[in-house]
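Asks: build me a model from this:
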Amino acid sequence: MKKILIFVSTLDGKITKWGDPHIRSWSSKNDQDHFDLIWNDTRIIVMGNNTYKLDPVKPSAKHLFVVMTRNPVKYKSKEIPGQLEFTKESPAQLVSRFEKEGEEKMLIVGGAQIATSFLRAQLIDELWLTIEPKIFGQGGNFVIEEKLDINLKLVSCTRVNNLGTLVTKYMVERTIEM
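Replies: Sure thing, here's the model as predicted:
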């Protein structure tokens, strides 16, 4: 199963503008259209609790939205089997479960905590990053402060508008420890 982490970022690496978590207020229409295409083409979409609280997804028979939270019981009334679930499973447990179910792709969206937890566990295969030609100076990063050393290899880079918005795809290079 391919695990894809997807983000939009400024040139200075910010995923939020001055702490405002509403990405669609500053990302280009090109990025939003790109994200919507990927979203619509993916069955398993994993997000963190904060992302869900900011913009609760509407259950759909086309998707299984999995919200990672420390307290899934709190959301029991919102669950819809096969469409929306809340779990305290670890990233490794989630990946294992969906691999056993034969899923082909998992999209990981949201904020720094969920991104860092999947990166720390070395469970990301590809990072799809839209780079917007903006600089905010202040705002959130797509990983929390943690010592990570992850090598990426550029797979593709496409300029999608006249401003220079770039849609990039990177493969995570696995290191073999001896």
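
Asks: between the two ends of stretch 103-120, how far is it?
Replies: Distance between the two ends of stretch 103-120: 22 Å, counting by CA to CA, to the nearest Å.

Asks: please point out which parts of that stretch sit buried.
Replies: By 16 or more other CB atoms under 10 Å, the buried positions in stretch 103-120 come out as 103, 105-112, 114-120. Every residue, glycine included, has its C-beta placed from N, CA and C.

Asks: residues near Pro91, how many?
Replies: By the criterion of other CB atoms under 10 Å, Pro91 has 22 neighbours.

Asks: which of the buried residues of stretch 103-120 fall in helices?
Replies: Here DSSP state H is the test, and the buried residues of stretch 103-120 give 112, 114-120 as lying in helices.

Asks: nearest to Asn141 among these?
Replies: Ala112 (5.9 Å; CB to CB).

Asks: so the closest one is in contact with Leu148, correct?
Replies: No. Counting by CB atoms under 8 Å, Ala112 does not reach Leu148; the two are 11.6 Å apart.

Asks: low-confidence ranges in the protein?
Replies: Along the chain, the model assigns pLDDT under 70 to residues 175-178.
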